[in-house]
Structure formats: structure tokens, C-alpha cells
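Colleague: The following comprises the amino acid sequence and a computationally predicted model.
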Amino acid sequence: MHRPLCPVETLYVGQRSRAVLSCTLRGHVEVEALAAAFHAVTQAHPTLRSRIVTDGAGPALALLDESERPRLQTRTGDLDEAYATELNRPLRVGGPLSHAVLVSAPDGEEHLFVLLVDHTVTDGHSSIALHNTLWDHYRALVTGERPRPGALGADLPDTPDWPQPVSALLPAADEADTAAYLDARTAHAKENPVDLVRYDVTPAGAPGEGTGEGHIEVRRLTLDADRTARLRERARQAGVSVHALVAAALLTTARRRLVGDGPRTLGCLSPVDLRSRLSPPLEPAVLVPAVTTHLQTLEVSGTPDPLGLARTVHARLTDFIAGGGHFHEMRITPEIPRNPALQLATVIVTNMGVVPGPRLPDGLSAVDVRLVPGRENYFPQAGRSPVMACVVSFEGRLSIEFPHYTACFTPSFMRAFRDEVLDGLLAFASQAAPAHAARLP
């Protein structure tokens, strides 16, 4: 039985993008229970034990044969090397759309769990919910709240309960209104081409950091709970969101990579979650991509005002959602392959908000939790591209991941970019009124 992909989901097939959830653990892990927990979530979500196939109508999901379905993989090794390996692990078309692995350090006290899910069947919110649900199953198994399952694969349903695509859940719209929206977006993109950050990789054949075959790496910044609280307080005092402050820091940093002192047109792409905005709302546990985007262009001088940028980003994004633009944007998403300028931005700033980490049994603790997007197709020959920042606050601590392909941006370039963004955020946090910040939990 096949489940056709909607036009929006089909876009992810070509991108080959995936969510990479990881959790660094300290303590004892019962491997059998973790394997059973992963089995339980794949049983509950047929998309996790599916592949992408092509039928007469286009791409579709089809269940894998029992022997091909994903199982928890385990091995021993260095955790940093394991993370780099899993970050670069592809989920190829025709293979499983999920992958889970537990890597244990030689001493058996530290572990890395990595869960990969194809973005054709998930987004940031549902992948985080899936990760936490898996560990809920694990906790219930090791504490005796839930009996150990029987033979793996024995309880698969005969008919899978496929989730509906979000494009089928949008409110009704007049086709003429959608066409007019598309015309306006197309005209704006044509009249306001955005500047992109140039790659810094050394040309092939010359000595330097960027030579050789590319791979995905991540530069990361984190704020402790106190600085995160101060950043939130500064956002509250300024009447903007933390997302807007982060976007302003990224835009300011990107502008410094462009020549000249005069204004340059920069684009800021903000993903917009649709789950809470549907009627009825869609739970995070439903594994479908339920996100659209908002692209705004800003004239940014060589000496920008970061707070002014934040206020502009916040006001435009607020107006976009209030006017129902997020629904229009979802409807025109299938046009993007024909007109990539509709989503071309200088910076891409995701926003998962504040999310909980996994709840674990006694004797096992989560040292770190991360969410990073990865994909297969990069284009060094383009010479420039957007800079992406994946923003999430696990347990009240802000984290920003900067994934990059080393055949495009070198690690030193992205390290400097990250450090300047961090300086911008710390400057915002330092401006929070102490009297208010002291009252924050």
C-alpha cells in the first residue's frame, strides 16, 4: 500500500534533507530496552519504516519489507568521531527514512544516541517529540511501567495508519487570492534580489583549509541558563521575540562579510510552524513536515543598528502571520523549484522555541541534546549561499547550530561567523535591566 506524497513533501525528496537528533548520555544504558523502544516508535509511525518509491502519480511512501526495516544499531567508539560520522550519514531515496544508533565509549559510562529522520516525513517539532517519546518508552521499559515486548515485527498492523499531509489540512482558499499572492511574491523577489555570503574555500589544487572533498561540519554556540534568561528579558523589554534578536545578530554578522558601507539588500528566511495554527491544531507527535517560511528583505548598511533590525524582523513576521500569509506561502511552495528566488535568503534562522529534553530513568542522565539539519546536495560551484542557523532552547539554554559544507565554507570561516553572532547576542543580553533579570527563574 502506497501513500502519495503531496507537492510540498515532494520538495524534500530532491533536497535529501534530514533531521539529526542526538543525545549525549552518562550512566548505564540497557541496549535491549533501547532497541525495543526504537521498535515501538517505528511500529507507531509507519513513515519511519518506509521508503520513497515512484508510482504512476509521482513519489510515494511504501512500507519496507520486514528484513529491511530499521533496527537500533550499536557499536563502541569515540563519541566525537561517531557524531561526525552520523551527521554525514545519508538517508538515500529507496532506503529507510529513519536510522538510530547508540555508540558507547570504551569505558561504557558515556554514550551517544543519534536519531536520523528524513525531512520528507518530519520537521523540527515532530522530530523532537519523536526523540522524547522514544526515551519515554525506554524509561517505562527499564522501570517496569511497561512490559517487555515479544518478538520484534510480530505486532505490525496489516494496514498502516498514514498521516495526512499538512497541505490537505489547510483552510479553504480562493484560487484567485493564491494566484495574486504568488504574483506579488514573484514581483517582490525579482525587484529585490538579495546578496549572499561568498564561499571562502581555497580553489581546488591550491593549498589551504578548504581543499579536498567536502563534508558536513557544525559550529555551535550555547548560552547558559542565566544568559538565556537575560536575552529573553531584553527581548521582552524591547517588545520583540528572541527569534528577532537572533535574526538581527545573524544579519549584522552577514553584512560584515559584504563589501562597501552603503546599504545592501539582505534576506532573512524564518520557518513558521503551522501545527498550532491549523484548526484543529496538529499535535507535534504527528510525523509530517508542517512548516512554511517567511522571507523578508531588508536594506542593511555597513554600520547597522541591530535592535532596529530586530524590530523590523519582528514586526514583519508578526504581520505576515496575522494576515494569514503562512497559509498562502504553504500553498505556493510547489512553485519554488521553478522560482528559487521565492526562498533565497542571506540567512536562514530556524526557531524551535523552548523544548524539553528527554526524561530518563535514575542512573542515566542527558549531558547534551542537539538538533541539526543535514542534507545531501550542496553546490560549491555556486560560489555563495545562505548561512543557516538552527536555533533551539533545550531545558532553558539557548543553542544555535551552524551546519556547513566544508567545500563551501571552511571551519575557520564559520567559527569566526559564530563568534561574532555570539558577541551580538551577549551584547543584547547585557542590555537587560538587572532588576528584571534578577526576578527570572
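Modeller: Okay, I see it. These figures come from a predicted structure and were not determined experimentally.
Colleague: Count the residues that sit near L169.
Modeller: If you count neighbours by other Cβ atoms under 10 Å, L169 ends up with 18. All C-beta spots, glycine's among them, are computed from the backbone N, C-alpha and C.
Colleague: Distance check, the spatially closest residue to it that is not a sequence neighbour against S167.
Modeller: In space, L169 comes closest to L278 once its chain neighbours are excluded; the distance is 5.4 Å by Cβ to Cβ, 6 or more residues apart in numbering. Distance of L278 to S167, computed by Cβ to Cβ, to the nearest Å: 11 Å.
Colleague: The two: which is more packed in?
Modeller: S167 (20 against 15).
Colleague: I figured the more buried one was touching M330, is that so?
Modeller: Yes - proximity of S167 to M330 meets the contact threshold set by Cβ atoms under 8 Å, at 6.5 Å.
Colleague: Overlap in contacts, the two.
Modeller: Residues touching both S167 and M330 (Cβ atoms under 8 Å, 6 or more residues apart in numbering): V8.
Colleague: Apart from its chain neighbours, what residue comes closest to P284?
Modeller: Nearest to P284 is A129, by Cβ to Cβ, 6+ apart, at 3.9 Å.
Colleague: tell me, how many neighbours does H328 end up with?
Modeller: So H328, with other Cβ under 10 Å, has 20 neighbours.
Colleague: Report the contact partners of the residue lying closest to it once chain neighbours are set aside.
Modeller: Once flanking residues are discounted, H328 sits nearest to Y181: 4.3 Å by Cβ to Cβ, 6+ apart. Contact analysis of Y181 by Cβ under 8 Å, 6+ apart lists 325, 328, 331-332.
Colleague: Do you know the pLDDT at Y181?
Modeller: Note on Y181: pLDDT of 96.
Colleague: got the CA coordinates for the one helix or strand V8 maps to in CSV?
Modeller: For V8, the element it lies in under DSSP states H and E is helix 7-15. Only the C-alpha atoms of helix 7-15 are listed here, as CSV (Å, rounded to 0.1, in the frame of the first residue of the first chain):
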residue,chain,number,x,y,z
PRO,A,7,3.7,18.6,-3.7
VAL,A,8,5.2,20.1,-0.6
GLU,A,9,6.5,16.8,0.7
THR,A,10,7.9,16.1,-2.7
LEU,A,11,10.3,19.1,-2.5
TYR,A,12,12.1,17.4,0.4
VAL,A,13,12.8,14.3,-1.8
GLY,A,14,15.1,16.4,-4.1
GLN,A,15,16.7,18.2,-1.2
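Colleague: Name the residues of it that come out as buried.
Modeller: Neighbour-count burial for helix 7-15, counted by 16 or more other Cβ atoms under 10 Å, picks out 8-13.
Colleague: Output those residues as TSV; include the columns distance to V201 and pLDDT.
Modeller: Output for those, formatted as TSV (distance: Cβ to Cβ, whole Å; pLDDT from 0 to 100):
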residue	distance to V201	pLDDT
V8	32	88
E9	32	93
T10	31	91
L11	27	89
Y12	27	89
V13	28	90
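Colleague: can you give me the strands in the stretch 1-150 of the chain?
Modeller: For the stretch 1-150 of the chain, applying DSSP state E, counting those that start in this stretch gives strands covering 2-4, 17-27, 50-55, 58-63, 73-76, 98-104, 110-118.
Colleague: now for the fifth one, which elements pack on it?
Modeller: Applying 3 or more Cβ pairs under 8 Å, 6 or more residues apart in numbering; DSSP states H and E, we find strand 73-76 packed against strand 98-104.
Colleague: Between strand 50-55 and the strand it packs on, find me the angle.
Modeller: For strand 98-104 against strand 50-55, the angle by axes from the mean of the first three to the mean of the last three Cα atoms, to 10 degrees is 150 degrees.
Colleague: The protein: helices as residue ranges?
Modeller: Using DSSP state H, the helices of the chain run over 7-15, 31-44, 79-87, 124-142, 175-191, 225-238, 242-255, 306-322, 325-332, 411-430, 434-439.
Colleague: Looking at the ones you listed, which one is packed in the most?
Modeller: Counting by mean count of other Cβ atoms under 10 Å, helix 242-255 has the highest mean neighbour count of these, with a mean of 26.
Colleague: Give me the helices and strands touching that helix, please.
Modeller: When contacts are defined as 3+ Cβ pairs under 8 Å, 6+ apart, helix 242-255 sits against helix 225-238, strand 264-273, strand 291-300, helix 306-322, strand 347-349, strand 387-394, helix 411-430.
Colleague: Can you lay out these as TSV showing distance to S67 and mean pLDDT?
Modeller: Putting those into TSV (distance: least, Cβ to Cβ, whole Å; pLDDT from 0 to 100) gives the following:
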stretch	distance to S67	mean pLDDT
helix 225-238	46	96
strand 264-273	37	97
strand 291-300	33	97
helix 306-322	46	97
strand 347-349	39	97
strand 387-394	34	95
helix 411-430	40	97
